[in-house]
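>>> give me coordinates for this.
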Amino acid sequence: MKKIVKGCLFLILMVFLLGCNDNLTAKDAVVEYLNGYINNDESIVNELNDYVNNEDFTDEQKELYRKILLKQYNTLTYNVVNETYDGDKATVVVRIKVIDLYTPQVEAVKYLNESSEKFYDSDNKYDKNLFLNYKLEKMNESTEMVEYNINFKVMKNDKKKWEVVQLSNDDLEKIHGIYGFTE
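A predicted model of the protein is given here:
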């Protein structure tokens, strides 16, 4: 009889613990989403690899860029500012803090415009890879932090679990610390 009671208690405990992993609030879904970046969850790393592999970089540049973005994710911090609900939809406002990768890029482009001869090859022609190496090194050296607000849209799925809606490009740029940069 004790084994049956212990077994039932064990099952109840397991159901309770497994149930705690469900996103009970929209805020929980956003926290889980952002922690995926911070912890370099497999799905985030796979998306990162796809993104980096589509860049027009050399293999070495791709590896450095991947390293820069992984560092960005690892250092991301956040604070949930507000959450509002409207039935099965919610908005969760989060203040994130990330490495400023915008400024090094702007400064690299400015340096290119002022000293373009620094990026000429041995035939005295502009070499895009020399510039990309320079820009990526400046991004890699960056330690300044910047803060952004992101309004996460969250909805309940068919299983009544809160899920973050696909972020806009602007919001992804905020996570990457490059919001507003155009080349």
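>>> after the worst-scoring helix or strand of the chain on mean pLDDT comes which helix or strand?
Least confident helix or strand of the chain, by mean pLDDT, DSSP states H and E, is helix 2-19 with a mean of 36. The helix or strand immediately downstream of helix 2-19 is helix 26-38, counting by DSSP states H and E.
>>> all strands of the chain, in order?
Ranges of strands within the chain are 77-86, 89-99, 145-156, 162-164, based on DSSP state E.
>>> can you list these in CSV and add mean neighbour count, mean pLDDT and distance to residue 26?
The C-beta positions use only the backbone N, C-alpha and C, and glycine is treated the same way. As requested, those are arranged in CSV below (neighbours: other C-beta atoms under 10 Å; pLDDT from 0 to 100; distance: least, C-beta to C-beta, whole Å):
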stretch, mean neighbour count, mean pLDDT, distance to residue 26
strand 77-86, 13, 98, 6
strand 89-99, 19, 98, 3
strand 145-156, 17, 97, 4
strand 162-164, 19, 97, 5
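>>> so which of the ones you listed comes closest to residue 47?
The closest of the strands of the chain to residue 47 is strand 162-164. By C-beta to C-beta, the value is 13.5 Å.
>>> pairing partners for that closest one, with directions?
According to DSSP bridges, strand 162-164 forms sheet pairs with strand 145-156 (antiparallel).
>>> now do the partner strand: distance to the chain's middle.
Here the centre of strand 145-156 is set off from its chain's centre by 11 Å, with C-alpha atoms, centre = their mean, to the nearest Å.
>>> likewise for stretch 118-134?
For stretch 118-134, the distance to the chain centre is 30 Å (C-alpha atoms, centre = their mean).
>>> what's the burial count for residue 26?
Neighbours of residue 26 under the rule other C-beta atoms under 10 Å: 25.
>>> sweet, I'm off.
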